[in-house]
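Novice: Take this sequence and fold it.
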Amino acid sequence: MTTLFDSIKVGAIDAPNRMFMAPLTRCRSTMPHVPTPIMGEYYSQRASAGLIISEATGISQQGLGTPFAPGIWNDEQTEAWKPIVEQVHEAGGKIMCQLWHMGRLVHSDFMNGDQPVSASNIQAPGQIRTYQGKKEYEVPRPLAVSEIPSLLDDYTNAAENAKKAGFDGVQLHSANGYLIDQFIRSGTNVREDEYGGSIENRIRLLGEVTQRLVDVWGNDYVAVRLSPNGDSQGADDATPVETFTAAAKLLDDIGIAFLELREPPNFGTYGSTEVPPVSPDIRPLIKTPLVLNSDYDIDRAKEALAAGHCDAISFGRPFITNPDLPARLASGAELNGVAEDKSAWDFTPTWYSQGPEGYIDYPAMNEQEKATA
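Specialist: Okay, here's the model as predicted:
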């Protein structure tokens, strides 16, 4: 029976366990999106994860609209990532860089007044946090077909920079209502050209970007993240099973190291919409390892692996408060920040602040034992 503590090979990466660290935006970079030294301590503290997937990292200024989030499109950002990655490696860990374009979820404040881009001119609901405070999302302009080659070049450049920085691979962020997801889903893509309409057309950009990353890194060093369930930041799809099984099959045909799905284990509800699982439909169609993510506790994770629903689990919030999560799970030790009603996970004021509090000050087990003694 497969367990969380079994090793696994995902592409060229030998992971010592099946507890991956999910990408977690933490906002500890500078205003120009340059990584900072404190990030090296944060990631190296969590190096016992089977594999770390970095926080979402912008491929261009056009694609990054989160204050203090890191980028990897220029030399200064790339150089700043190098010591962070090195610290992870020195601690015995492995880390992939997640590449990110937010599409319509970028505000023009981040782009000197330029309009955000998306698959179509459909405005996202809600507000975005900018350096000037919260503002309404804006109506994006559809990305022109003539602009697609430049977008692909941005992904290529970011992938090359991630290699220069020493990362162990890259993951394409195609989930959570961001640019690639905006092209994939019928609710945000009403185009009538070769990138819209049919499922084959709507997943075209996903395939083209993935191929660019493979061209730089090779198949065994590229992963992709999808979120096939329900509304995500205003992005939804009319036929999620058909859409996302086609997307998964396309990725498997290209050849990737693993596919990660953000899919809650209880398949409850987002708002008033029932959210059925799509991973059971995807699982038999792909040869690549499948990683599941979102609100997994230890029992649900064990059950998913034992039942063969996936090959690994990526944990997010548990890794925020438990830098030594694999050791805690192995020993049965109490976890920091866990409550039945999830209220203890509400560390929002420090999740996205810029200091060490709520970032690098969560104790490992041995530190807690010393403090208690």
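Novice: Tell me the buried residues in the longest helix seen in the chain?
Specialist: Of all segments of type helix in the chain, defined using DSSP state H, the longest is helix 148-165. Residues 148, 151-152, 154-159, 161-163, 165 are the ones in helix 148-165 that count as buried (16 or more other C-beta atoms under 10 Å). C-beta coordinates here come from the backbone N, C-alpha and C atoms, glycine included.
Novice: Is it possible to get a markdown table of those residues that adds pLDDT and distance to Q127?
Specialist: Shown next, in a markdown table, are the buried residues of helix 148-165 (pLDDT from 0 to 100; distance: C-beta to C-beta, whole Å):
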| residue | pLDDT | distance to Q127 |
| --- | --- | --- |
| I148 | 98 | 29 |
| L151 | 98 | 26 |
| L152 | 98 | 31 |
| D154 | 98 | 26 |
| Y155 | 99 | 28 |
| T156 | 98 | 33 |
| N157 | 98 | 31 |
| A158 | 99 | 27 |
| A159 | 99 | 32 |
| N161 | 99 | 31 |
| A162 | 99 | 31 |
| K163 | 98 | 36 |
| A165 | 98 | 33 |
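Novice: re earlier: which is the succeeding secondary structure element to the longest helix of the chain?
Specialist: Sequence order places strand 170-173 as the next helix or strand after helix 148-165, per DSSP states H and E.
Novice: Show me what that following strand pairs with in its sheet, parallel or antiparallel.
Specialist: With DSSP bridges as the test, strand 170-173 is paired with strand 95-100 (parallel), strand 222-226 (parallel).
Novice: before we move on, back to that, now do the longest helix of the chain: everything it contacts.
Specialist: Outside helix 148-165, the residues that touch it by C-beta atoms under 8 Å, 6 or more residues apart in numbering are 57, 59-60, 62-63, 72-74, 77-79, 81-82, 85, 97, 99, 101, 143, 170, 172, 195, 205, 208-209, 212-213, 215-217.
Novice: buried subset of those residues?
Specialist: Buried residues within the contacts of helix 148-165, counting neighbours by 16+ other C-beta under 10 Å: 57, 59-60, 62-63, 72-74, 77-78, 81, 85, 97, 99, 101, 143, 170, 172, 195, 205, 208-209, 212-213, 216-217.
Novice: For the stretch 201-350 of the chain, give me the ranges with low pLDDT.
Specialist: Counting by pLDDT under 70, the stretch 201-350 of the chain shows low-confidence ranges at 265-274, 338-348.
Novice: That one: strands as residue ranges?
Specialist: Along the stretch 201-350 of the chain, the segments classed as strands by DSSP state E, counting those that start in this stretch run 222-226, 258-262, 269-270, 273-274, 290-293, 312-315.
Novice: Quick one: distance of the second one to the chain centre.
Specialist: Right, strand 258-262. Its chain's average C-alpha position is 9 Å from that of strand 258-262, according to C-alpha atoms, centre = their mean, to the nearest Å.
Novice: Also the first one?
Specialist: Relative to the mean C-alpha coordinate of its chain, strand 222-226 is positioned 8 Å out (C-alpha atoms, centre = their mean).
Novice: quick one: that strand to helix 148-165, angle?
Specialist: Counting by axes from the mean of the first three to the mean of the last three C-alpha atoms, to 10 degrees, strand 222-226 lies at 120 degrees to helix 148-165.
Novice: again, but for the second one
Specialist: Note on geometry: by the same axes, to 10 degrees, strand 258-262 and helix 148-165 are set 110 degrees apart in direction.
Novice: Walk me through which strands strand 258-262 pairs with, and which way each runs.
Specialist: Applying DSSP bridges to the sheet, strand 258-262 is found paired with strand 222-226 (parallel), strand 290-293 (parallel).
Novice: Contacts made by that strand with the rest, please.
Specialist: Around strand 258-262, the neighbours that count as contacts under C-beta under 8 Å, 6+ apart are 10-11, 20, 22, 53, 171, 175-176, 223-229, 248, 251-252, 278-279, 282, 286, 288-294, 311-312, 314.
Novice: Which among the residues you listed count as buried?
Specialist: Among the contacts of strand 258-262, those classed as buried by 16+ other C-beta under 10 Å are 10-11, 20, 22, 53, 171, 175-176, 223-229, 248, 251, 278-279, 282, 286, 288-294, 311-312, 314.
Novice: quick one: buried residues of stretch 94-104?
Specialist: For stretch 94-104, a neighbour-count test (16+ other C-beta under 10 Å) marks K94, I95, M96, C97, Q98, L99, W100, H101, M102, G103, R104 as buried.
Novice: Save those residues as TSV, and put in pLDDT too.
Specialist: Below are the buried residues of stretch 94-104 laid out as TSV (pLDDT from 0 to 100):
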residue	pLDDT
K94	98
I95	98
M96	98
C97	99
Q98	99
L99	99
W100	98
H101	98
M102	98
G103	98
R104	98
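Novice: The residues you listed: which two are farthest apart?
Specialist: Farthest pair in the buried residues of stretch 94-104 (C-beta to C-beta) is K94 and R104. Separation: 32.8 Å.
Novice: in the stretch 151-300 of the chain, which spans are helices?
Specialist: 179-184, 199-202, 204-217, 240-254, 279-282, 298-306 (DSSP state H, counting those that start in this stretch).
Novice: Touching stretch 199-215 from outside, list them.
Specialist: For stretch 199-215, the surrounding residues in contact (C-beta under 8 Å, 6+ apart) are 99, 119, 148, 151-152, 155-156, 159, 170, 172, 174, 180, 183-186, 189, 191, 193-196, 222, 224, 239, 242-243, 246-247, 250-251, 254-256.
Novice: One more: stretch 311-321?
Specialist: Taking C-beta under 8 Å, 6+ apart as the rule, stretch 311-321 contacts 2, 4, 8, 10, 15, 18-24, 46, 49-50, 53, 258, 260, 289-294, 296, 301, 304-305, 325, 335-338, 345, 347, 351, 358, 362.
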